[in-house]
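S.K.: can you look at this prediction? I've put the sequence above it.
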Amino acid sequence: MNWSKRVAMTSSLVVGLAAIGVAPALAAPTPSAPIEVAVPQPAHNVQATFTAAEWAQAYREFNSTELDREYSRSAGVETATFHVTPDLSLTLVNPESIGEVGEEITRDSRLGVGKTKYGYWFSFNQFDQNVLSNTLITAGIVAAICAIPGVGAVACALAGIVVGVAVSYIHKKGVCSQKRNLYWYDVKGGSTIQCRTSAPK
């Protein structure tokens, strides 16, 4: 079992089973249940989970939904902001519109996504991190994303794994200090997660 799937399953989200379609609903822990998480230190590499083709498929799946959305373009890079719930927006970069170098597309999005020379990055701003620190709310977010008509297995798995990794980090390390964003991004040989003031290149 790879690290990302293990984190998703051992985090209190229990998103691993839902992401692969084994369980019809997410299990929420009781308040007294201990939370067991496996979190890498920022210097550790984590094997990247999604290929470029899978990322493009996830974007297509979100794009095929009936969610309200806005499209925008900056420096030739197109993004789509999907309104999942009144309090949660998901901003995704159209993989066909990005070049070799990553850019931070929007600082106001709930969940940001971009590209580095090694792959993709996902960012969680201070609002995101505070929301993800609440286990029950987080389980609802992943369940809401996966229940959207048109969101297929790839997009659901992507949401579950990315959110699961972020939740595990926040439960272990806390919300990033100094208003920094939490980034999970691809590096040479794998992926890493850490607090940063700017998007990785």
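M.R.: Great, that's in hand.
S.K.: wait, Val113 sits on Leu92?
M.R.: Yes: in this structure Val113 lies within contact range of Leu92 using Cβ atoms under 8 Å: 5.3 Å. Every C-beta, even on glycine, is put in place using the N, C-alpha and C of the backbone.
S.K.: for the closest residue to Phe124 other than its chain neighbours, give me its contacts.
M.R.: In this structure, Phe124 finds its nearest non-sequential neighbour in Leu182, 4.4 Å apart by Cβ to Cβ, 6 or more residues apart in numbering. Applying Cβ atoms under 8 Å, 6 or more residues apart in numbering, we find Leu182 in contact with 123-124, 128-129, 166, 169-170, 176, 193-195.
S.K.: quick check: bridge partners of Leu182?
M.R.: Phe124, Cys195 (DSSP bridges).
S.K.: could you report the pLDDT at it?
M.R.: Looking at Leu182, its pLDDT is 91.
S.K.: likewise for Cys176?
M.R.: 94.
S.K.: longest helix of this structure?
M.R.: Identified as the longest helix of the chain according to DSSP state H is helix 153-173.
S.K.: just list what the longest strand along the chain packs against, helices and strands only.
M.R.: Assignment by DSSP state E gives strand 77-85 as the longest strand of the chain. Packing partners of strand 77-85 (3 or more Cβ pairs under 8 Å, 6 or more residues apart in numbering; DSSP states H and E): helix 52-63, strand 69-74, strand 88-93, helix 135-147.
S.K.: would you point to the one among those that's packed deepest?
M.R.: strand 88-93 (a mean of 22; mean count of other Cβ atoms under 10 Å).
S.K.: after that strand, which helix or strand is next?
M.R.: Using DSSP states H and E, the helix or strand that follows strand 88-93 in sequence is strand 111-116.
S.K.: measure how that following strand sits relative to helix 52-63, angle-wise.
M.R.: If you take axes from the mean of the first three to the mean of the last three Cα atoms, to 10 degrees, strand 111-116 sits at 150 degrees to helix 52-63.
S.K.: ok, which pair from the contacts of Leu182 is furthest apart?
M.R.: Largest separation among those by Cβ to Cβ: Asp128 and Gln194, giving 15.1 Å.
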